[in-house]
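Peer 1: model this:
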Amino acid sequence: MRRPFYRVTEDDDTVIDLTPMLDIVFIMLIFFVVTASSVKETGIDINRPTARTAVTKDSVNLKVVISEYDEIWVDKRRVDVRALQPLLERMHIENPQSALIIHADKKSTNNRLVQVMDAAREVGIDSVSIAAVEQ
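Peer 2: Alright, predicted model coming up:
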């Protein structure tokens, strides 16, 4: 006759270890918090110009900000104008269907705006827009 693999006695209390389940719950919570923050902020506060023909675009993945002091910001980081083209190229390779929106401050110069637009065109980004506030 076979002996059972375990012995049940009246002294044994059945206990379920909840540690693995709690680990999974916390990992899922972290995953949802990270993925829920998919809205990309521009990184700095700027005063955009107003336009009567401004149109709201819903899904834009590439954003470049030009501050009033002609500083270029991408993903909350200040970027040198010489490093902008390789950065845009990498971003465009990651998402080739995305458009570029340039958030330029009212006080920024046209020269910096044209430099950003040229870098985008050289990379192959065809859809370039300038952000404005609806009037």
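
Peer 1: Just give the nearest non-adjacent residue to Asp70, would you?
Peer 2: Arg112 (4.3 Å; CB to CB, 6 or more residues apart in numbering). Yep, even glycine has a C-beta here, placed from its N, CA and C like the rest.

Peer 1: got it, and Leu113?
Peer 2: Ala104 is the one closest to Leu113 (CB to CB, 6+ apart), at 5.3 Å.

Peer 1: Dig out what the one you found forms beta bridges with.
Peer 2: In this entry, Ala104 is beta-bridged to Ile66, by DSSP bridges.

Peer 1: mind listing what the residue nearest to Asp70 touches?
Peer 2: Contact partners of Arg112, counting by CB atoms under 8 Å, 6 or more residues apart in numbering, are Ile66, Asp70, Ile72, Val81, Ala104.

Peer 1: any chance of those in TSV, plus neighbour count, pLDDT and distance to Ala119?
Peer 2: Converted to TSV, those look like this (neighbours: other CB atoms under 10 Å; pLDDT from 0 to 100; distance: CB to CB, whole Å):
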residue	neighbour count	pLDDT	distance to Ala119
Ile66	23	91	12
Asp70	16	89	14
Ile72	22	92	9
Val81	13	89	8
Ala104	24	89	14
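
Peer 1: between those, which is nearest Ile130?
Peer 2: Ala104 (6.2 Å; CB to CB).
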